[in-house]
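> From the sequence below, what's the structure:
(3 chains)
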Amino acid sequence: MARRIIFALLAAILIAVMLSHARSSVPVTAQTQGVYDAIAALDSGAVVMMSFDHEAATIPEVGPLASAIADHCFRRGIRVIGLALFAEGNAAGHELLARRAAAFHRVYGTDWVYLGYRPQYTAAILGMGESIRDVFPADDDGRSLDSLPLTRRVHNYHDVNLIVSIADGSMPTYWVEYAGARYHTRIVAALSAVMVTSYIPYLGSGQLAGIVNGLRGAAEYEQLLNAPGAGARGMAAQSAAHALIALLVIVGNVEAWRLRRRSPKWNRKPS
Amino acid sequence: MTCSLCRRFSISAWLIVLGLAANPSSAWADGGPSTQTRWFNPERTPELVATLVVVLAMIGAAIWTERRGLPHIRRLAPLEAIDDAVGAATEQGTPLLFTTGWGGDMGRPTTMAAMTVLSHVAGRAAEHNCPLVFPSHDPVVASVAEDTIRQAAARAGRPDWAHTAEARFVSQSQFGYAAAVDGLIARQRPGAVFLLGSFEGEALVLAEAAHQSGTRTISGTDSTIQLSFFLVACDYTLIGEELFIAADVLSGGRAAVAVRALDWLKYLILLLLVAGVLLLVTTGRDLGPFLAR
Amino acid sequence: MPALRDRLTVSVAAATGAFMVVQYFVNAAWSDGVYRTLLDWMQIIFAASLVVGVISVLRNHLSRAISKPQERWYSLILIVSALAMSLLGFAFGAGRGSSFLWAFDHLQAPMQSTVFSLLAFYIASAAFRGFRARSGESAILLAAAFIVLVARVPLGESLSGHASSAADWIVNVPALAAKRAMLIGIGLGMVATALKVIAGVERTYMGRR
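You can find the predicted model right below:
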């Protein structure tokens, strides 16, 4: 019964906040600043590889992260090569990059290219270190990489300035272990919040240059770009949910304390 | 037994060393191929040293085990709970559900360790004639599980039981897989659920589904973040490396040699940590950049 | 014959494993070629295994639809959905503006997001159940969790200016130290297992013990 009440309360609060279009601002953390700085430090014309390593399920959470990072790149004239190592991230990634590129009037082939999806991520990540053409002979629409001005000069990670893994699972680990350790590529991760804690050790060791953490990270990034969007909206709902959970923890403990006080063991006088 | 084990590890070491020594190669500069010829990339010295240390530890542990026997391993409550769980499921007439999570394929050591536990569970289930369901996100894992179950049934003297067990691929998608396992738990109400392997965001969905159905849950994973969910929602949890140790214990014999090697390596890491701290405090020199190179 | 097959499998695994270790440290033309070929094979095997997987799912559900009346409708929905998506993709393409993509965006993604969103509800219920101050240790855990929970959203900042730095300290110092210790153990366990595969001791990947 208690479980059903909790579920109903949480659903009601989340729906109410989302419908109210409330936005929330948050202080920017060093993790998000790290990603922002890594992109801000690149010259116009530099190449960023955005890998959509997520499933369809997490699009509502990682979509705002990816949009904010793509906006930052396109705004600064940085070129973007998109790809997906999960089949479900492929369609979402292509659509997102096309939408953000159009918003900044970026031209396909010159300012951005989308390579598509390749299965077996280990082999794909390692293979691109040797030759991107070995793994992706053509872009997502079947055009040869040599026919596109951007990819004509990009052969392997040596020609890529930064890799951004937009993920809801363990994929950034593989980027770090294979692309980072083997080819010394600079990597940042944009993650769904449930996975972030796993990657904090990689920040300390410098194997990741930064992490954008779930909706909160998206809200922070939007603040840095001075363009509040889906992240800020989602953050208001998340704040309300955290407040409810905190309240539930307090209620649960008070209730447990009350029950313990009533129990015979509590009331027994010391002999 | 262990002599052949020493030989195996030594042969592996020689394979690696000979490969290195015989290589007439061109090596690379930072990030890309170069024409310069080198047989060994000095930038990878720390990794080579670490690899050789681990190989030596395994050979040493094999020799040690041959002379002094297998190491004593403390009891692991989740392992001891397996027999009870199988017994309870058999009494209730409900199946067992075993899954290795969405985070690992067959190349991941965690999945291999989980398969060893599956072999033990399947053996017990075969003895008790208790049905077993194994849903997987990976067709290769599902087919290895099928083979593991068949072998375990044969070892238990019940090869026919293997036909009643189901090892199947359900979906490659993370939450498609979670929904499929959730559905199985809700419909079949298994007597015990085993969540052992590499789990990601789906961990809590599966553990809570099992908890809500009132089933006994035994879990174990190498994913540190998901461990916190398992500890809250499951009855028994193998924490991190305990899953590998459990697999070694269940394999018995040769595989358990690794337990001693792991202990030695941990002592070595502890020693390095203390030496690193002392070096930093006394001389101001940091070992970190060398090791992280 | 099975013994010979096992020996062959173990030998191939040992040689491939040892090769992958060696090629990490060197970069000869021959090792580069073999390495690239192995990577190609990995992708081919994975793609082929998916085809096998899809066929096995369809076959499995077809037999369930026939033999298990209580699960018939679930299986039929799966078969029809799988065939419909395949038909849309193969017949009309999967590019932008296609019906396949429409079905992906408006059916598959929301359904999967729904399962993902269950996490929020389960976390709330698990927190209610699990975070109880039953002892000194659990009280410390509860306090730490409470600080991190509140400080991760603007609510924490409004309650105290130090909330965020306190949460960062908890996550980056005690929690990270424990996590690193666990990661070291897990990493060693993984390396040991990999070595056992190369040495032919670990044979679970072929269904053996």
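> And the residue of the stretch 101-250 of chain B closest to chain A?
residue B:175 (4.0 Å; C-beta to the nearest C-beta). (C-beta placed from N, C-alpha, C; glycine too.)
> Now do the contacts for residue 24.
With no chain named, the answer covers chain A. When contacts are counted by C-beta atoms under 8 Å, 6 or more residues apart in numbering or on different chains, residue A:24 is found next to A:219, A:232, A:235, A:236, A:239, C:153, C:154.
> if you could check chain C rather than the one you did, that'd help
Contact analysis of residue C:24 by C-beta under 8 Å, 6+ apart lists A:182, B:44, B:47.
> mind checking the SS state of it?
helix (DSSP: H, G, I helix; E, B strand; the rest coil).
> Also residue B:168?
Per three-state DSSP, residue B:168 ends up strand.
> which of the contacts of residue C:24 has the most neighbours?
residue B:44 (18 neighbours; other C-beta atoms under 10 Å in any protein chain shown).
> re the thing from before, helices - which of the contacts of residue C:24 land there?
A:182, B:47 (DSSP state H).
> rewinding a little: what strand or helix carries the residue of the stretch 101-250 of chain B closest to chain A?
If you go by DSSP states H and E, residue B:175 is part of helix B:174-188.
> and that helix, what does it pack onto?
strand B:96-99, strand B:132-136, helix B:202-212, helix C:109-130 (3 or more C-beta pairs under 8 Å, 6 or more residues apart in numbering or on different chains; DSSP states H and E).
> so who does residue B:120 touch?
Residue B:120 neighbours (C-beta under 8 Å, 6+ apart): B:82, B:152, B:250.
> Minimum pLDDT in those, which residue is that?
Lowest pLDDT of the contacts of residue B:120: residue B:250, 86.
> Give me the spatial nearest neighbour of that residue, chain neighbours excluded.
Once flanking residues are discounted, residue B:250 sits nearest to residue B:120: 4.7 Å by C-beta to C-beta, 6 or more residues apart in numbering or on different chains.
> Which strand or helix spans that neighbour?
Using DSSP H and E, residue B:120 falls in helix B:109-128.
> now that helix against strand B:132-136, angle please.
Calculated by axes from the mean of the first three to the mean of the last three C-alpha atoms, to 10 degrees, helix B:109-128 forms an angle of 160 degrees with strand B:132-136.
> Restricting to C-alpha, output helix B:109-128 in PDB.
Listed next in PDB are the C-alpha coordinates belonging to helix B:109-128 (Å, rounded to 0.1, in the frame of the first residue of the first chain):
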ATOM      1  CA  PRO B 109      35.300 -11.700 -17.300                       C
ATOM      2  CA  THR B 110      32.300 -10.900 -15.100                       C
ATOM      3  CA  THR B 111      30.000 -12.800 -17.400                       C
ATOM      4  CA  MET B 112      32.400 -15.700 -17.400                       C
ATOM      5  CA  ALA B 113      32.300 -15.700 -13.600                       C
ATOM      6  CA  ALA B 114      28.500 -15.500 -13.600                       C
ATOM      7  CA  MET B 115      28.500 -18.600 -16.000                       C
ATOM      8  CA  THR B 116      30.400 -20.600 -13.400                       C
ATOM      9  CA  VAL B 117      27.800 -19.700 -10.800                       C
ATOM     10  CA  LEU B 118      25.100 -20.600 -13.400                       C
ATOM     11  CA  SER B 119      26.700 -24.000 -13.800                       C
ATOM     12  CA  HIS B 120      26.400 -24.600 -10.100                       C
ATOM     13  CA  VAL B 121      22.800 -23.400  -9.900                       C
ATOM     14  CA  ALA B 122      21.800 -25.500 -12.900                       C
ATOM     15  CA  GLY B 123      23.400 -28.600 -11.400                       C
ATOM     16  CA  ARG B 124      21.400 -28.100  -8.200                       C
ATOM     17  CA  ALA B 125      18.200 -27.300 -10.100                       C
ATOM     18  CA  ALA B 126      18.700 -30.500 -12.200                       C
ATOM     19  CA  GLU B 127      19.100 -32.600  -9.000                       C
ATOM     20  CA  HIS B 128      15.900 -31.100  -7.600                       C
END
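> low pLDDT regions in the chain?
Unless you meant another one, I'm taking chain A. Per-residue confidence for chain A (pLDDT under 70) gives these ranges: A:1, A:264-271.
> wrong chain, I was asking about chain C
C:1-2, C:27, C:205-209.
> Show me how the record splits it into domains.
C:1-92, C:131-209 (automatic domain parsing).
> Doesn't residue C:96 lie inside a strand?
No. Under three-state DSSP, residue C:96 falls outside any strand and is assigned coil.
> Provide a list of residues in contact with it.
Contact partners of residue C:96, counting by C-beta under 8 Å, 6+ apart, are A:94, A:95, A:98.
> which of those come close to chain B?
The subset of the contacts of residue C:96 within reach of chain B, by C-beta under 8 Å from any C-beta of the partner chain, is empty.
> Scan those and report the most crowded one.
Going by other C-beta under 10 Å, residue A:94 tops these with 24 neighbours.
> Name the SS class of that one, please.
helix.
> residues touching it, list them.
By C-beta under 8 Å, 6+ apart, residue A:94 lies in contact with A:82, A:84, A:114, A:116, A:140, C:96.
> before we move on, what about residue C:45?
Applying C-beta under 8 Å, 6+ apart to residue C:45 gives the contacts residue A:120.
> how close does it sit to residue B:107?
Distance, residue C:45 to residue B:107, by C-beta to C-beta, to the nearest Å: 11 Å.
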